[in-house]
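Asker: Can you look at this prediction? I've put the sequence above it.
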Amino acid sequence: MACGKDGEQDPRIGGIAASIRVVPDFPKKGIMFQDITTLLLDPKAFKNTVDLFVERYIGKDVSVVAGEVISEKYVLEYGTDCLEMHVGAVQPGDHALVVDDLIATGGTLCAAMNLLERAGAEVVECACVIELPELKGREKLNGKPLYVLVESR
């Protein structure tokens, strides 16, 4: 969770959390889908999200921020998927930050880290807007630090 200098939760987190829509039973029964579309459409919440990430990583030794041709298949909590990365987008020796909207089982972040490491980059940290801690995805990150803004219950 994003915290201020005194260890208390950053006051911007409440607005970010409130802007996230939960869609029950999507994409299948029993899944409480965390939809950040509503966050992206809320200018203040979106700006605060970006600002919190920028504030955390400005001045750090990050040379590339990974978004999404090499591919890596991975398992989701409700199926499988594949990530692709443009060949040449990352150079050997780059220090990479992996950013995603949500960590659930950890499959997407692990696949992204595998892609980056195959290209010769070093992943220094992962950052997510939302974490579903009960799915224990953090435990699959092989000790890589994880920065999360909102924990979902």
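Answerer: All right, it came through fine.

Asker: which ones are touching Ala96?
Answerer: Residues near Ala96 by CB atoms under 8 Å, 6 or more residues apart in numbering: Val62, Ser63, Val64, Val65, Ala66, Val90, Leu116, Ala121, Glu122, Val123, Val124. Quick note: C-beta positions are derived from backbone N, CA and C, even for glycine.

Asker: Out of those residues, list just those in strands.
Answerer: Val64, Val65, Ala66, Glu122, Val123, Val124 (DSSP state E).

Asker: Where is pLDDT lowest across those?
Answerer: For the ones in strands among the contacts of Ala96, the weakest pLDDT value sits at Ala66, with 85.

Asker: Next, count neighbours for it.
Answerer: By other CB atoms under 10 Å, 23 other residues sit near Ala66.

Asker: show me the residues around the residue nearest to it when sequence neighbours are not counted that make contact.
Answerer: Distances taken as CB to CB, 6 or more residues apart in numbering place Val98 nearest to Ala66, at 4.8 Å, with adjacent residues excluded. For Val98, the contact set (CB under 8 Å, 6+ apart) comprises Ala66, Leu109, Ala112, Met113, Leu116, Val123, Glu125, Cys126, Ala127.

Asker: Show me what Val98 bridges to in the sheet.
Answerer: Ala66, Cys126 (DSSP bridges).

Asker: Please apply the same query to Gly79.
Answerer: The partner residues for Gly79, given DSSP bridges, come to Leu76.

Asker: Next, count neighbours for it.
Answerer: Gly79: 9 neighbours (other CB under 10 Å).

Asker: if I look at it, how far off is Gly106?
Answerer: Going from Gly79 to Gly106 by CB to CB, to the nearest Å gives 15 Å.

Asker: do Val98 as well
Answerer: 11 Å.

Asker: From the contacts of Ala96, keep the buried residues only.
Answerer: Val64, Ala66, Val90, Leu116, Ala121, Val123, Val124 (16 or more other CB atoms under 10 Å).

Asker: for the lengthiest helix in the chain, packing partners?
Answerer: Ordering each helix of the chain by length in residues (DSSP state H) puts helix 43-57 first. Applying 3 or more CB pairs under 8 Å, 6 or more residues apart in numbering; DSSP states H and E, one finds that helix 43-57 contacts helix 13-18, helix 37-40, strand 122-131, strand 146-151.
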